[in-house]
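**Q** everything below, folded, please.
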Amino acid sequence: MDKVDWRIRGLEFVNCNCDLGCPCQFMGRPTFGDCVAFAAVKIEDGFFGDTRLDNLGFAMTLKWPGAIHEGNGTAQAFVDERASPGQREALMAILSGETSEPGATFFNVFASTVTKMHDPVFCPIEMTCDVECRHAKVRVADLIEASGTPILSPVDGSEHRVRIDLPNGFEYAVAEVARGRTSAHADVPMELDASHSHLAHLDIGPTGVRH
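**A** Below is the predicted model:
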């Protein structure tokens with residue numbers, strides 16, 4: 001493992017093709033057998049060694065033919081075009097998973113299950129995310145549009161609030177569950193609608209989630 005220390009604190013939005021209560025969060029099989037996902041992060045403050053990463057964003061599109069741990073995945077990264085060459089190198093190092101301890105972060109877990117990594121795209125990334133209210137909007141250039149909204153009760157249309165608490169998770173500590181939508185037209189295309197989404201306050205480093 002590369003010994004460069006790093007830390008990212010910020011906001012995370014994820015949308016996948018599973019039903020609203022994604023079984024993968026509970027060690028179950030994906031709802032439809034495969035996994036298709038979009039993830040975006042807005043860094044509030046962070047660093048990689050001496051390189052500051054404050055206020056930058058990145059996103060990922062990912063697909064696996066089965067459950068994530070079964071591998072053979074395909075992925076593409078999108079990095080904020082405002083990042084300097086040094087910041088781009090730092091973010092790509094984090095996303096590669098090679099600067100995390102094995103299995104400690106979702107960067108490392110995803111990277112270990114991906115066999116096809118498309119070239120990264122450096123482009124505008126706009127993201128708003130209110131974790132507690134379960135609202136998010138993400139736009140990645142003209143390639144990806146995604147959003148998250150609260151789950152609504154089929155009985156009376158009221159907002160239904162659910163949280164997932166993962167004391168030993170490799171992605172987040174607590175996530176708010178929402179209903180997501182993603183339309184992506186880059187090298188890993190996807191059309192997701194009314195499927196599982198979660199929003200979280202991210203705080204993660206090379207040894208895993210900070211609690």
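
**Q** which one's the longest helix in this protein?
**A** Counting by DSSP state H, the longest helix found in the chain is helix 85-95.

**Q** what residues of that one count as buried?
**A** By neighbour count on 16 or more other CB atoms under 10 Å, the buried set for helix 85-95 is 87-88, 90-95. Where C-beta positions appear, they are placed from N, C-alpha and C, glycine not excepted.

**Q** next, the contact list for the most centrally placed residue in the chain, please.
**A** What sits nearest the mean C-alpha location of the chain, by CA atoms, centre = their mean, is residue 39, with 2.9 Å. Applying CB atoms under 8 Å, 6 or more residues apart in numbering, we find residue 39 in contact with 12-15, 59-60, 62.

**Q** and which of the buried residues of helix 85-95 is nearest residue 153?
**A** When those are compared for distance to residue 153 (CB to CB), residue 95 wins out at 37.2 Å.

**Q** might you report the residue contacts of the closest one?
**A** 58, 60, 77, 107, 111.

**Q** from residue 194, how far off is it?
**A** Residue 95 is 28 Å from residue 194, where distance means CB to CB, to the nearest Å.

**Q** next one: residue 14
**A** For residue 14 relative to residue 194 (CB to CB), the value is 15 Å.

**Q** and if you look at residue 177?
**A** Taking CB to CB as the measure, residue 177 falls 13 Å from residue 194.

**Q** quick one: which of the two has more around it?
**A** Between residue 177 and residue 194, residue 177 has the larger neighbour count (other CB atoms under 10 Å), namely 22 against 12.

**Q** number of nearby residues for the closest residue to the more buried one other than its chain neighbours?
**A** Nearest residue to residue 177 in three dimensions, chain neighbours excluded: residue 162, at 4.3 Å (CB to CB, 6 or more residues apart in numbering). By the measure other CB under 10 Å, the count of residues near residue 162 is 14.

**Q** which residues are in contact with residue 162?
**A** Counting by CB under 8 Å, 6+ apart, residue 162 touches 21, 151, 176-177.

**Q** what about 10 Å?
**A** With contact taken as CB atoms under 10 Å, 6 or more residues apart in numbering, residue 162 is in contact with 20-21, 134, 150-151, 175-178, 198.

**Q** with residue 174 instead?
**A** Residues in contact with residue 174 (CB under 10 Å, 6+ apart) are 131, 163-167, 198, 200-201, 211.

**Q** kind regards, and thank you for your time.
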